[in-house]
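1. Predicted coordinates and the sequence they were generated for:
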Amino acid sequence: MKMRIQLIIENESGLSTTAEIAAIERADTDDLIGISLEEAKTMTGGVQRALVESQAGEAIHRASTCPDCQVPLRRNGSHRMCYRTPFGRLELNSPRFYCCRCQTNARRSFSPLALWLGSHASPELQYLEAQFAAQLSYGVSSRILSAVLPLQHATSITTWKRHVARVGGRLDEDAHHRLSSKPVLNQFGLPTRNPLRAVGIDGGYVKASDAPSRQEGWFEVMVGKSLPRTGNGQVFAFVHRLEPKPNERMERFLAEQGVFPAQPTTFLSDGGETVRQAQGEFREFGEPILDWFHVAMRTTQLSQTIKGLAADSPIEGDSANRIDELLRELNRAKAYLWHGSPHRALRTLEVLTWDIGTETSRATALQDKLDEFMNYIIANLAAIPNYADRHRHGEPIATGFVESAVNQVVSKRLVKKQQMRWTMAGAHRLLQVRTRVLNQQLRDDFERWHPELRATAEPVRLAA
Ligand SMILES: [Zn+2]
């Protein structure tokens, strides 16, 4: 059996042309039922070629006469132009025309095809490239897409990376722009309750490709996730050293989720140095809060070290239950922190240092740990609320929800393999794409940039 697939294209004036798309042959001995994937790819590729060529022909034809005086325009040579789509790389014939004398006196020419296409890659291809690269390595993405689409060199990994970097750069710019949409107001004309319970901030590390040594081989990425009152949170990420205006970014991040500009938001972090710096930058948007889990974890470690003192030989004059007394003191300090009294906690910890002494190496080690803990508390003084109160009112006090976000946003894509190394700029731009994909916002971004995409439904949105 022989089958021929033809495409009949009818233009505006009713003239129809036929394009041969594919010829399929099946012998009686063939076991194959229906079309093969390769045949499907050939057919789609053929339809795409015929369709784009006709559309391009019409676009060129429309531009070949002056829109004002209808005079045919003079040709100024022609060349081939490449256009990349998910269904193949097309070489199109692209003539140039001189502008009409009624428009200008200068001998200027233009390419109607270039104007019509706008770019060398179709928005859909760019969207696919960005969406895949945000979730999988370029190599894997390329193999998957080539398996199901007639890409035919529509993209190489180098061009792919360049396209994704451009998308990332554009998203990065967008991330600093104020949203024009108005916040939701209630019946009294006041902003509704802050839809976010908190925003958690944490740091992740990415291996640098241009590191001078192994020790310096990492750079920090700031990751944040919102904890909304209903539904799923949204993530953001940026390379801290490349972000000159983190507060603009935060303003946009909050506004996109319906937070009114003057509405205070809670920022939770583990109190580490760089996240604390970021929290300080976001201070204008609300109160920073030190993650209770990290405070509790540190006190647990301290109590382990105190218990370890039991191995030392008893010191003259110390009571038999010295260790218990020290633990009680530590717990008192912890309780002060829990109730939002860091100064009292610090005084209690100070007393604890006197009671421990420096007689043994274990005691000195414990002193160092206590010292570090006290410095941590002092550095985060302004971020220690009354946890007990917050907890009672069901307000978040821990950043557990953001730690998994670091893994999801950074680790899963940028540090999955030992050999994965990034430049700061490269990581920063890919993170912009990745966070938009994870937030299910990338399609909307593309539809905003390319309104023609709105006409094409996206049946399945890939979840990462
Ligand atoms: Zn004219």
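-> Structure received. These numbers were taken from a predicted model, which means no experiment stands behind them.
2. what's the pLDDT at the one residue in the stretch 351-464 of the chain that gets nearest to the ion?
-> Using CB to the ion, the closest approach of the stretch 351-464 of the chain to the ion is made by Glu452 at 28.4 Å. In short, each C-beta sits where N, CA and C put it, glycine included. For Glu452, the pLDDT comes out at 88.
3. From His153, how far off is the residue nearest to it when sequence neighbours are not counted?
-> Leaving aside its sequence neighbours, Glu452 sits nearest to Pro123 (CB to CB, 6 or more residues apart in numbering; 7.1 Å). Distance, Pro123 to His153, using CB to CB, to the nearest Å: 19 Å.
4. the more surrounded of the two?
-> Pro123 (18 against 11; other CB atoms under 10 Å).
5. what sits against that one?
-> Shown in contact with Pro123 (CB atoms under 8 Å, 6 or more residues apart in numbering): Phe446, Trp449, His450, Glu452, Leu453.
6. Next: Asn386.
-> Applying CB under 8 Å, 6+ apart, we find Asn386 in contact with His339, Gly340.
7. For it, give me the pLDDT.
-> 97.
8. distance of it from Glu395?
-> In terms of CB to CB, Asn386 sits 10 Å off from Glu395.
9. Likewise for Tyr98?
-> 69 Å.
10. Name the residues that touch the strand or helix carrying Asp324?
-> When elements are assigned from DSSP states H and E, Asp324 belongs to helix 322-338. Applying CB under 8 Å, 6+ apart, the contact partners of helix 322-338 are 292, 295-296, 299, 302-303, 306-307, 309-310, 314, 319, 342, 344-346, 348-349, 351-352, 355-356, 377, 384, 387-388.
11. Now list the buried members of these.
-> Taking 16 or more other CB atoms under 10 Å as the criterion, what is buried in those is 292, 295-296, 299, 302-303, 306, 309, 342, 345-346, 348-349, 352, 356, 377, 384, 387.
12. In helices, which of those residues appear?
-> In helices, defined here by DSSP state H, the members of these are 292, 295-296, 299, 302-303, 306, 342, 345-346, 348-349, 352, 356, 377, 387.
13. Would you mark the buried spots in the longest helix along the chain?
-> In the chain, assigned by DSSP H, the helix with the most residues is helix 37-63. By neighbour count on 16+ other CB under 10 Å, the buried set for helix 37-63 is 39, 41-54, 56-57, 60, 63.
14. now stretch 198-216
-> Of the residues in stretch 198-216, Ala198, Val199, Gly200, Ile201, Asp202, Gly203, Gly204, Val206, Lys207, Ala208 count as buried by neighbour count, 16+ other CB under 10 Å.
15. any idea which helix or strand comes after the helix or strand of the chain with the lowest mean pLDDT?
-> Every helix and strand in the chain was compared by mean pLDDT, DSSP states H and E; the lowest is helix 273-281, with a mean of 79. Next helix or strand after helix 273-281 toward the C-terminus (DSSP H and E): strand 288-290.
16. I'd like the distance from that following strand to the chain centre, please.
-> 24 Å (CA atoms, centre = their mean, to the nearest Å).
17. Same question for stretch 23-33.
-> 47 Å.
18. helices and strands around the longest helix of the chain, which ones?
-> Helices and strands touching helix 37-63, by 3 or more CB pairs under 8 Å, 6 or more residues apart in numbering; DSSP states H and E, are strand 2-10, strand 16-25, strand 75-85, strand 88-98, helix 112-117, helix 138-148.
19. how about low-confidence regions in the protein?
-> 180-184, 211-215, 315-318, 320, 417-418, 457-464 (pLDDT under 70).
20. pretty sure Phe238 belongs to a strand, no?
-> Yes - membership of Phe238 in a strand is supported by DSSP: H, G, I helix; E, B strand; the rest coil.
21. where's it relative to Asp270, distance?
-> Remark: distance between Phe238 and Asp270 (CB to CB) = 18 Å.
22. check contacts around whatever residue of the stretch 251-400 of the chain ends up closest to the ion.
-> Proximity of the stretch 251-400 of the chain to the ion (CB to the ion) peaks at Arg252, 45.3 Å away. Counting by CB under 8 Å, 6+ apart, Arg252 touches Asp174, Ala175, His176, His177, Arg178, Leu179.
23. Now do the buried residues in the helix or strand it falls within.
-> Using DSSP H and E, Arg252 sits in helix 246-256. Neighbour-count burial for helix 246-256, counted by 16+ other CB under 10 Å, picks out Pro246, Arg249, Met250, Glu251, Arg252, Phe253, Leu254, Ala255, Glu256.
24. Compute the inter-axis angle for the one helix or strand Gly200 maps to and helix 273-281.
-> Secondary structure from DSSP H and E places Gly200 in strand 196-207. Here strand 196-207 points in a direction 140 degrees away from that of helix 273-281 (axes from the mean of the first three to the mean of the last three CA atoms, to 10 degrees).
25. for the least confident helix or strand of the chain, packing partners?
-> Partner elements for helix 273-281 (3+ CB pairs under 8 Å, 6+ apart): strand 196-207, strand 218-228, helix 246-256, strand 267-269, strand 288-290.
26. want to throw the ones you listed into a markdown table with distance to Leu438?
-> A markdown table is the format used below for those (distance: least, CB to CB, whole Å):
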| stretch | distance to Leu438 |
| --- | --- |
| strand 196-207 | 14 |
| strand 218-228 | 10 |
| helix 246-256 | 13 |
| strand 267-269 | 19 |
| strand 288-290 | 24 |
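27. Quick one: closest of these to Asp371.
-> Nearest to Asp371 among the helices and strands packed on helix 273-281 is strand 288-290; the distance by CB to CB comes to 18.2 Å.
28. Just the endpoints, please. Distance across stretch 403-414?
-> 16 Å (CA to CA, to the nearest Å).
29. what does stretch 26-41 give?
-> For stretch 26-41, the first-to-last residue distance is 17 Å (CA to CA).
30. do the same with stretch 410-420
-> OK, stretch 410-420 end separation, CA to CA: 12 Å.
31. which other residues reach it?
-> With CB under 8 Å, 6+ apart as the criterion, stretch 410-420 contacts 134-137, 204-207, 221, 223, 237, 422, 427, 430-431, 434, 464.
32. can you check stretch 135-144 too?
-> 129, 132-133, 155, 157, 160-161, 413, 416-417, 420, 434, 437, 462, 464.
33. Buried among the residues you listed? Need that as a selection in ChimeraX.
-> In ChimeraX, this line selects whichever of the contacts of stretch 135-144 come out buried by 16+ other CB under 10 Å:
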select :129,132,133,155,160,161,413,434,437
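34. Give me every residue in this protein lying close to the ion.
-> Proximity of the chain to the ion, by CB under 5 Å from the ion, involves residues Cys66, Asp68, Cys69, Cys100, Cys102.
35. got the contact list for the third one?
-> Spelled out, it's Cys69. Per CB under 8 Å, 6+ apart, neighbours of Cys69: Cys100, Cys102.
36. any idea how far Ala455 is from Glu124?
-> Taking CB to CB, one finds Ala455 at 11 Å from Glu124.
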